[in-house]
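Q: sequence unavailable; structure follows:
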């Protein structure tokens, strides 16, 4: 006996699909309960049927819960309900059969006696309808150890076909003699192994072209010898075995009109049995389908030729069937060049499933229309977007959609012809676009066109040429007259030389001066090409002429500006150098050569590292590589060899210059000698370690050093102020001439040229902002310090008014608390508040309106322990806070340094001087400022200003 537990239901293993379905079904709501609780006898019964190859069923309990194996499943039909009925009561699972089988089930279940029935009628719902089906069934009771019925064990073999065949035979036998003569088919009855013809109907006689007296009572193939090869073995086999034979479109030779022909027949041959079931003869029924078969063969041959035509056509072709446009046929040209997909994913599928991108294009509606109306459709250069295995392509195609009509004049599909004309269309469009661009470019660039006949020197030109030469556009000059306006100094070395070169190369080009009738000197650029006849003789010159006078002037101005820039860089005491994006140094100012004692050739030959102390080279290389790879600023202290051979400590810093996309274009670096600072720091550290008695002397030296540093700071500020003013004049000229070039020559510039000019303009604008900020920074020291007692409300309102537009743009608000009345320099304090408010607007969180809070209180210096405030002075403590992006606490001092930025210039605008100006103004007021912040938590500035100066 099988034992079942919840961890092992192995009786279902190997039970096929039905075993899997039983194991997967949720039995929690069934009267049987979980599988683990099923009776062992049920499990044993299921184990038997699931592993049997015979159709078997188990009907369990008084409800006759239904189970069956894979062998019985085909009897339920293609759309059988086997999934739903497993374990369900038979009355609800098979209502169509219940009235027939319930009495039988009850009898076996009650009496416990088995029952065997042959060809029992049991209707069944399958294939979408209720069918009469016949079964040979054995019902056996399942009895437990106490003699009680637990269910039924059933073997069931369907005999529907057999019953139908018997019924057909009986019906034929009963009505045979009455109907055989008038049957519209050919019927013959043959007795014994010799197939003696007992009866034939008129249709048979007509078909065989014989008379009844010539065939009745004779062996069939003695009367019809021509048919022996096709039928004799079949009829004798039916007689010997009793098996019915059915043939479709069977070939048989027949005698007609004095000649033997091959005919085709659909026929059935069946054994004739006596009451004792002994075979006494055969009966054959035949229907001639010769004409139909010939028509089918002709159609098949025609279709074969059509398919060959399509498949071997060099033109892309396809055949669609049905309303969904299912691809029945497509040749290699269509699959490989237009659709670009594998054949196995195309044939037999609807076109919209293969190419879903067509649903947004015009082609499917066009196919539907041709299929519905039968009217062919043609279109030239239709734009199609097709996604093949190699990606999406835009194609221009000539299309032809024609209906495919069957013999019944019904439209059953479409024939498609598609020709790819993409290259022709693109080539034509490019030519048209090129001609349009050339015309527009010529007009926009104020170019003049000309055509010079090299044989008779006749010249044809556009009106613009006369304007360039200083004449009215209606003037008519000869080539010689135009030549005479060329500057005498440019005739031989430039113009005539250009003609000589053109006859050798075919390209005509020169830049020369001309003199207008008003004695104005102009520069022109002439470009053209020489054309030749069939004998390779030059016959004409076609070209363009452009006035480049402004370009020449601009070039001169830019050259002068560059010279001034280099002069300024060479006058700076710092060592300035420039590197390419890969880190290769390619420019040095004069300070580098003066400091190192090397010239440019030596530095390039030996390398920049030759100047650096050997002990610092490896770390220098690592730091520089890291900056090149990450884009981070380069900041490094190392030792440089001076011209006298000594090494000094140098602070080198390089910042990447980026384009609009954030790509590094160059590195600009500066190296400053910090030997004195290093020496001072070293000495200071040594002095701190000395005895206390040396403290006073050290402090005095420290004060002297601070005084020197302050003096240096004042000198640097003065230098920055003067440099900023000197830089503005060439910068304004650069911006002016860049604007003129952009306005007048924009259409003649290449995309690369436009990009370079745009980047020059952006750089000039950034430089102008930097100069303004440098002036503002220097002005905080150089401007007169006129203190005035004012309420800070007035200062904040003025600053807020200047920034109202930016505040409104970001929907920002400023909350102002109680404000002190304090002695300040008004215009500087307005700038301080403006810079702080502008900073909060700029660094606000994305999508969050900036919220600024400003408060002030009066405090005494001794109340603030951690700041160097004078204990005997009263201070105005200003608290300025916002809700912006904030910063890491480690940067709280760095933000007040000049040019220090915590973000890239492409992330946030500005020069990095704003907060340095704020700190400078606070120091001008003998005050103190500190900042505290966390990322995304805003920033708070604490400012302490003496109440009275």
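A: In hand now; what should we look at? Note that the coordinates shown come from a computational prediction; the quantities given were computed from them, not determined experimentally.
Q: CA atoms for contacts and neighbours, from now on please.
A: Fine.
Q: distance between the ends of stretch 270-278?
A: Taking CA to CA, to the nearest Å, the first and last residues of stretch 270-278 lie 13 Å apart.
Q: check the secondary structure at the nearest residue to residue 572 once chain neighbours are set aside for me.
A: The spatial neighbour of residue 572 that comes closest, neighbours along the chain excluded (CA to CA, 6 or more residues apart in numbering), is residue 591 at 7.2 Å. Here residue 591 is helix, with the state taken from DSSP: H, G, I helix; E, B strand; the rest coil.
Q: could I get the contacting residues of residue 591?
A: If a contact means CA atoms under 8 Å, 6 or more residues apart in numbering, then residue 591 has 570-576 as its contacts.
Q: would you turn those residues into JSON lines with neighbour count and distance to residue 474?
A: Written out in JSON lines, the entries for the contacts of residue 591 read as follows (neighbours: other CA atoms under 10 Å; distance: CA to CA, whole Å):
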{"residue": "570", "neighbour count": "17", "distance to residue 474": "54"}
{"residue": "571", "neighbour count": "12", "distance to residue 474": "56"}
{"residue": "572", "neighbour count": "14", "distance to residue 474": "58"}
{"residue": "573", "neighbour count": "16", "distance to residue 474": "61"}
{"residue": "574", "neighbour count": "18", "distance to residue 474": "61"}
{"residue": "575", "neighbour count": "22", "distance to residue 474": "61"}
{"residue": "576", "neighbour count": "22", "distance to residue 474": "57"}
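Q: just the ones of those in strands?
A: Among these, the members found in strands (DSSP state E) are 575-576.
Q: so, low pLDDT: which residues of the stretch 501-650 of the chain?
A: For the stretch 501-650 of the chain, residues meeting the criterion pLDDT under 70 lie at 558, 561-562, 565, 569.
Q: repeat for the stretch 651-800 of the chain
A: Low-confidence segments of the stretch 651-800 of the chain (pLDDT under 70): 688, 691-733, 735, 757, 759, 761-785.
Q: what does the residue of the chain most remote from its centre show for phi and psi?
A: Among residues of the chain, the one most distant from the C-alpha centroid is residue 213; the distance is 86.1 Å, by CA atoms, centre = their mean. The phi/psi pair for residue 213 (degrees, to the nearest 10) reads phi -70, psi -20.
Q: for residue 520, same thing?
A: Summarising the backbone geometry of residue 520 under the convention degrees, to the nearest 10, its torsions are phi -80, psi 140.
Q: which residues in the stretch 701-850 of the chain form helices?
A: According to DSSP state H, counting those that start in this stretch, the stretch 701-850 of the chain carries its helices in the segments 751-782, 792-802, 804-809, 826-842.
Q: for the residue lying closest to residue 875 once chain neighbours are set aside, give me the pLDDT.
A: Taking CA to CA, 6+ apart, and ignoring the residues beside it in sequence, residue 875 has residue 946 as its nearest neighbour in space, at 4.3 Å. Turning to residue 946, the model gives it a pLDDT of 92.
Q: please apply the same query to residue 312.
A: Here the pLDDT value assigned to residue 312 is 71.
Q: state the distance from it to residue 331.
A: According to CA to CA, residue 312 stands 7 Å off from residue 331.
Q: more neighbours: those two, which one.
A: For residue 312 versus residue 331, neighbours defined as other CA atoms under 10 Å are more numerous around residue 331 (21 against 13).
Q: residues touching residue 841, list them.
A: By CA under 8 Å, 6+ apart, the residues touching residue 841 are 806-807, 810, 812, 850, 884.
Q: just the buried residues of the residues you listed.
A: 807, 810, 812, 850, 884 (16 or more other CA atoms under 10 Å).
Q: farthest-separated two in the residues you listed?
A: For the buried ones among the contacts of residue 841, with distances taken as CA to CA, the pair at the greatest spread is 807 and 884 (13.6 Å).
Q: hang on, residue 285 in a strand?
A: Yes - counting by three-state DSSP, residue 285 is located in a strand.
Q: pLDDT score assigned to residue 387?
A: Model confidence at residue 387, given as pLDDT, is 91.
Q: now it, what's its secondary structure?
A: Here residue 387 is recorded as strand under three-state DSSP.
Q: number of nearby residues for it?
A: Residues within reach of residue 387, counting by other CA under 10 Å, total 19.
Q: which ones are touching the residue nearest to residue 202 when sequence neighbours are not counted?
A: Closest residue to residue 202 apart from its sequence neighbours, by CA to CA, 6+ apart: residue 181 at 6.3 Å. If you count contacts by CA under 8 Å, 6+ apart, residue 181 has them with 200-202.
Q: and residue 284, by the same measure?
A: By CA under 8 Å, 6+ apart, the contact list for residue 284 reads 186-189, 267-270.
Q: Throw those residues into CSV and include neighbour count and pLDDT, thanks.
A: Compiled in CSV, those are given as follows (neighbours: other CA atoms under 10 Å; pLDDT from 0 to 100):
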residue, neighbour count, pLDDT
186, 24, 82
187, 24, 84
188, 21, 85
189, 23, 89
267, 19, 81
268, 16, 87
269, 24, 89
270, 21, 89
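Q: which of those lies closest to residue 416?
A: Looking at the contacts of residue 284 and their distance to residue 416, the nearest is residue 267, at 41.8 Å (CA to CA).
Q: give me the secondary structure label for the closest one.
A: The three-state label for residue 267, taken from three-state DSSP, comes out as strand.
Q: just give me the neighbour total for residue 836.
A: As a burial measure, the neighbour count of residue 836 was computed by other CA under 10 Å and equals 20.
Q: go ahead and confirm it touches residue 913.
A: No - with contact defined as CA atoms under 8 Å, residue 836 does not count as touching residue 913 (11.8 Å).
Q: where does pLDDT dip in the stretch 101-250 of the chain?
A: Counting by pLDDT under 70, the stretch 101-250 of the chain has low-confidence residues at 169, 172-180, 182-183.
Q: what segments of it are helices?
A: Read by DSSP H, counting those that start in this stretch, the stretch 101-250 of the chain holds these helices, from start to end of the chain: 160-179, 202-208, 220-223, 228-241.
Q: so which of the ones you listed gets nearest residue 514?
A: The stretch from the helices of the stretch 101-250 of the chain with the least distance to residue 514 (CA to CA) is helix 228-241; that distance is 107.4 Å.
Q: in that closest one, what counts as buried?
A: 228, 231, 234-240.
Q: redo those residues as TSV? Include distance to residue 827.
A: Converted to TSV, the buried residues of helix 228-241 look like this (distance: CA to CA, whole Å):
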residue	distance to residue 827
228	127
231	123
234	122
235	125
236	127
237	124
238	124
239	127
240	127
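Q: pick the one among those closest to residue 672.
A: Top of the list for closeness to residue 672, among the buried residues of helix 228-241 and by CA to CA, is residue 234 at 114.0 Å.
Q: what about the residue lying closest to the closest one once chain neighbours are set aside, how many neighbours?
A: Using CA to CA, 6+ apart and skipping residues adjacent in sequence, the residue nearest residue 234 is residue 245, 7.5 Å away. Around residue 245 there are 15 other residues, counting by other CA under 10 Å.
Q: and for residue 610?
A: Burial measure for residue 610: 14 neighbouring residues, criterion other CA under 10 Å.
Q: mind checking how far the closest residue to residue 201 other than its chain neighbours is from residue 189?
A: Leaving out its chain neighbours, the residue that sits closest to residue 201 by CA to CA, 6+ apart is residue 181, at 4.6 Å. Taken as CA to CA, the spacing of residue 181 relative to residue 189 amounts to 12 Å.
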